[in-house]
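Enquirer: Below: sequence and its predicted model.
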Amino acid sequence: MTMACSDPAVSRDRDVPDGIHDDRKGDMHLFQAVMDCHRRLIAAAEALRDQLGGTEPTPALVRLRFEMAIAVRENLIATQQLWSRIEQGISDIGTLVPGYDRLKAAESELHVRYAHHIATWPVAAIHADFRRFAVTKRRFLDDLCRHARLLEADFLRPACRLVEANARRGAGQA
């Protein structure tokens, strides 16, 4: 299974206990990749948000905006792999963790908002009305960080624990 997040710190064998069957290792790696991508997304969002206090765009803001775009893309790929795996019925996690549908819908809505925000704020528009851009961007980044933390706490961590417990039972290690 290919890791969804290009973060070099993500290792295929990191945090996966011995004795877990290969198919369950794949599930665990996918959950871990999504969590790693969420952490990178939060870090990129917070760094970008910290640059919004000025009165005009800076070179650092432009660089951080690009880094944010990369983090959003990686996160979208990772979460779509996860949702797809769950929706295909390969994993029953969606029914075992409360709030799956709500969190998945919120994730989709944030991606739509992000795409709209990017379309609304090309570089020329940012330069023309930086204050309004900063307010709008800060609000979006706050919502994004709040959602990413909620998704990790309410879905990803509990789901990873369930996958590990199911795998241990399947391996006779309950």
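Expert: Yep, it's here. Just so it is clear, the model here is predicted, and its values are computed rather than measured.

Enquirer: Would you mind measuring from R113 to K137?
Expert: Here the criterion is Cβ to Cβ, to the nearest Å. By it, R113 lies 11 Å from K137. Quick note: C-beta positions are derived from backbone N, CA and C, even for glycine.

Enquirer: Pick out whichever of these two has more residues nearby.
Expert: Using other Cβ atoms under 10 Å as the criterion, R113 and K137 rank with K137 on top: 22 against 14.

Enquirer: Would you agree that one is in contact with L52?
Expert: Yes: taking Cβ atoms under 8 Å as the definition, K137 is a contact partner of L52 at 6.0 Å.

Enquirer: what's the helix or strand for M28?
Expert: Applying DSSP states H and E as the criterion places M28 in helix 22-50.

Enquirer: right, and the secondary structure at L52 would be what?
Expert: The local conformation at L52, judged by DSSP: H, G, I helix; E, B strand; the rest coil, is coil.

Enquirer: Over to I126?
Expert: Under three-state DSSP, I126 comes out as helix.

Enquirer: That one contacts P57, correct?
Expert: Yes: here I126 reaches P57: they are 5.5 Å apart, a contact under Cβ under 8 Å.

Enquirer: Number of residues surrounding W121?
Expert: W121: 17 neighbours (other Cβ under 10 Å).

Enquirer: Please read off the pLDDT at it from the model.
Expert: Listed pLDDT for W121 reads 94.

Enquirer: cool, K104 as well?
Expert: The score at K104 is 86. That number is its pLDDT.

Enquirer: Please shift the residue numbers so they start at 580 in all later answers.
Expert: All set: I'll call the first residue 580, so the last point we hit is now K683.
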